[in-house]
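Enquirer: turn this into a model:
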Amino acid sequence: MAIRPEVLPTDAAALTEMVLALDAENEKLRVAIQTFKDMIFGKRSERLAAITEQLALELGDVETGVTPPAPANDDAPAAKAPGKPRKKAKRNIGALPKHLPRCEQVIEPDATACPCCQGRLHRIGEDVSEVLDVIPAILRVLRTIRPKYACRGCTDGVVQAKVLPRLIESGMASTALVTHVVVSKFAWYLPLYRQVQILAGQGVHLDRSTLAGWVKHAAWWLKSLYELQLKTIQAAPRLFCDETPMPVLDPGRRRTRTCQFWAHAMDDRPWSGPSPPAVAYVFADGRGTDKIAGQLVDFSGILQVDGYAAYKALARRHDGAIRLAFCLAHARRKFVDVHKTTKSPFALEVIERLQAVYAIEAEIRGSGAEQRLAARSTRAAPLMEALKARLTATVGQLFSQSTLAEAINYALNHWDGLTLFLRDGRVEVDTNTVERSMRPIAMGRRNSLFSGSEGGAESWAILASLVNTAKLHELDPQAYLADVLERIVSGQTKSHQLHELLAWNWKAARERTTRAAA
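Expert: Numbering: from 1, shown residues only. The predicted model follows:
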């Protein structure tokens, strides 16, 4: 609404207050507009090099690649330490993996007679070159034949092998095919309707609902393993947690309603701890405190999260049993947004100070918890103390509703959780661990648009948890999931042995078998 001259205050102090308020509101609007411009035209990286560049709305700045961008809060050191040798680039120059089977193709010359005397030529050597080849997926019909045997001298005693248990009884799909559909959707983000089109190209015409039924059956068989994986993650003393929207179709309203996927993750690799990398997604119809409280009823320990209020309420409910470690990258991101829109020198100063902390973290990554804590106490703690002093001294000089003041207040209000990493060597400085695990959900959501029902969303959570944990361990999801399903369906692995099928245990068993066979 436009301000009319007759409603303007005549008092100088009131007029000054109005001007400051309008300036703060205009700054927020500029931030919002700039944010939308960055989303449409700009790069998503928050690295310091990108922050200092001027954003230009030119066609050449539009990201046209199909490769997913790097995590927005993955920070790298601003500069290499003096005298530190540069790491050699990882390149594959003619060294193809040894475990792949070799198919030899021998090319003989047109003639093997000597052009001078017409005598027989003798082989004196050879040139060998290797290229990576592929055999596209081939559909085939797997016929199972069970011969019957009987004695000619007796009337009874017919012998025949028992029918093998099948993933889908009386169905037309093998375990390998169902696994292929599951992995294509939840590991490589290929929606079911596209898989139907691919199958039709090979002369197999199926309805999308048929593939959805296969996915549902696979999730039903794997639910117990998923629950064990979730329980194992939540039993860890340190847990990462985050949430992301998941649209679910609401047929009665002819639209989607926004539900949530909560991600629970663990990973002790940064400090060489005992917990392997793993993630488990939990579907819920909301993101309130009650939802996360119902998922973490028995959890006690350190919860690494962002500044969402539900986590704070959860910690208050547990009366100190849960300690919150907040994400330094989220605090940094607010100063990044301020600098992008206002070019504030103070915001850039904060970013550079935090960059120095991340440089220390890069150096000590992989060290033990005690070594990390010692390095943080002597090197990172003084930097964080100096930063807090600068933030406290500056915030009083700013208008309370400015974006810079809001960024500073966010950091100061969460300071105890933001600096918990200075008191515990196991704690990470940010929640990148779980945010990276959220990217597969975002990729699948972008391609599939929504989940068809709450049951479908629950199946999504089950299968995505197992597939993405397998990927964290650098396993082939197809080989892992197919073997797991075969073992469960056949009864080879009993319910009390399900821990053997967790991705990290399955991988360790395979490696032991490979070493024994060598």
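
Enquirer: where do the strands of the stretch 301-450 of the chain begin and end?
Expert: Listed in chain order, the strands of the stretch 301-450 of the chain (DSSP state E, counting those that start in this stretch) span residues 301-305, 322-326.

Enquirer: nearest to I462, of those?
Expert: Shortest separation from I462 across the strands of the stretch 301-450 of the chain is recorded for strand 301-305, at 23.1 Å, computed as C-beta to C-beta. Yep, even glycine has a C-beta here, placed from its N, CA and C like the rest.

Enquirer: report the central residue of this protein.
Expert: The residue at the geometric middle of the chain, judged as the C-alpha nearest the mean C-alpha position with C-alpha atoms, centre = their mean, is S437 (2.0 Å).

Enquirer: just checking, it touches A278?
Expert: No - checked against C-beta atoms under 8 Å, the pair S437 and A278 is beyond contact range at 9.1 Å.

Enquirer: and for the two, which residues touch both?
Expert: Counting by C-beta atoms under 8 Å, 6 or more residues apart in numbering, the shared contacts of S437 and A278 are 265, 472.

Enquirer: quick one: low-confidence parts of the stretch 101-250 of the chain?
Expert: Segments of the stretch 101-250 of the chain classed as low confidence (criterion: pLDDT under 70) are not present in this model.

Enquirer: 80 - rerun?
Expert: For the stretch 101-250 of the chain, applying pLDDT under 80 flags the ranges 155-156.

Enquirer: before we move on, the earlier item: let's have the strands of the stretch 301-450 of the chain in a markdown table, adding distance to K340.
Expert: Supplementary listing: the strands of the stretch 301-450 of the chain in a markdown table, determined by distance: least, C-beta to C-beta, whole Å:
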| stretch | distance to K340 |
| --- | --- |
| strand 301-305 | 25 |
| strand 322-326 | 22 |
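
Enquirer: of those strands, which is nearest V31?
Expert: Taking C-beta to C-beta as the criterion, V31 comes closest to strand 322-326 out of those, the separation being 22.1 Å.

Enquirer: okay, now the sheet partners of the closest one, with direction.
Expert: For strand 322-326, the paired strands and their directions (DSSP bridges) read strand 301-305 (parallel).

Enquirer: the closest residue to A278 other than its chain neighbours: what's it in contact with?
Expert: Excluding its sequence neighbours, the residue lying closest to A278 (C-beta to C-beta, 6 or more residues apart in numbering) is T469, at 4.8 Å. Taking C-beta under 8 Å, 6+ apart as the contact definition, T469 lies against 229, 277-280, 503.

Enquirer: out of the residues you listed, which sit inside strands?
Expert: Residues of the contacts of T469 located in strands (DSSP state E): 278-280.

Enquirer: can you tell me which of these is nearest A137?
Expert: The nearest member of those to A137, counting by C-beta to C-beta, is V279 at 27.3 Å.

Enquirer: pretty sure the closest one is touching A263, no?
Expert: Yes - proximity of V279 to A263 meets the contact threshold set by C-beta under 8 Å, at 5.9 Å.

Enquirer: spit out the residues that contact these two alike.
Expert: Common neighbours of V279 and A263, using C-beta under 8 Å, 6+ apart, are 434, 437.

Enquirer: need phi/psi at Y149.
Expert: phi -130, psi 140 (degrees, to the nearest 10).

Enquirer: do you know how far it is from A219?
Expert: Applying C-beta to C-beta, to the nearest Å, one obtains 39 Å for the distance of Y149 from A219.

Enquirer: the more surrounded of those two?
Expert: A count of neighbours by other C-beta atoms under 10 Å puts A219 above the other of Y149 and A219, at 21 against 9.

Enquirer: output the below-cut-off pLDDT ranges for the chain.
Expert: Within the chain, the stretches with pLDDT under 80 are 1-32, 34-95, 155-156, 252, 400, 518.

Enquirer: rerun that using 70 as the cut-off
Expert: Counting by pLDDT under 70, the chain has low-confidence residues at 1-7, 39, 41-85, 89-94.

Enquirer: which element is the residue nearest to A278 on?
Expert: Element membership of T469 [criterion: DSSP states H and E] is helix 454-472.

Enquirer: and the contacts of the following helix or strand past that helix?
Expert: Beyond helix 454-472 on the C-terminal side, the first helix or strand identified by DSSP H and E is helix 477-490. Where contact means C-beta under 8 Å, 6+ apart, the residues beyond helix 477-490 that reach it are 164-167, 175-176, 178-180, 182-183, 187, 218, 221-222, 225, 466-467, 470-471, 492-493, 501, 503, 506.

Enquirer: okay, now the nearest residue to D207 once chain neighbours are set aside: neighbour count?
Expert: With sequence-adjacent residues excluded and distances taken as C-beta to C-beta, 6+ apart, D207 is closest to V196, at 7.3 Å. One way to gauge burial is a neighbour count; for V196, by other C-beta under 10 Å, it gives 19.

Enquirer: pull out the buried positions in the host helix or strand of M246.
Expert: With elements taken from DSSP H and E, the one containing M246 is strand 238-250. By neighbour count with 16 or more other C-beta atoms under 10 Å, strand 238-250 contains the buried residues 238-244, 246-249.

Enquirer: could you dump it to PDB, C-alpha only?
Expert: Taking Å, rounded to 0.1, in the frame of the first residue of the first chain, the C-alpha atoms of strand 238-250 are listed here in PDB:
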ATOM      1  CA  ARG A 238      25.700 -39.900  17.700                       C
ATOM      2  CA  LEU A 239      23.000 -39.500  15.100                       C
ATOM      3  CA  PHE A 240      22.500 -37.200  12.200                       C
ATOM      4  CA  CYS A 241      18.900 -36.200  11.400                       C
ATOM      5  CA  ASP A 242      17.200 -34.100   8.700                       C
ATOM      6  CA  GLU A 243      13.800 -33.900   6.900                       C
ATOM      7  CA  THR A 244      12.600 -33.100   3.400                       C
ATOM      8  CA  PRO A 245       9.100 -32.800   1.900                       C
ATOM      9  CA  MET A 246       7.500 -35.700   0.100                       C
ATOM     10  CA  PRO A 247       4.400 -35.000  -2.000                       C
ATOM     11  CA  VAL A 248       1.800 -37.800  -1.700                       C
ATOM     12  CA  LEU A 249      -1.200 -38.100  -4.000                       C
ATOM     13  CA  ASP A 250      -4.500 -37.400  -2.400                       C
END
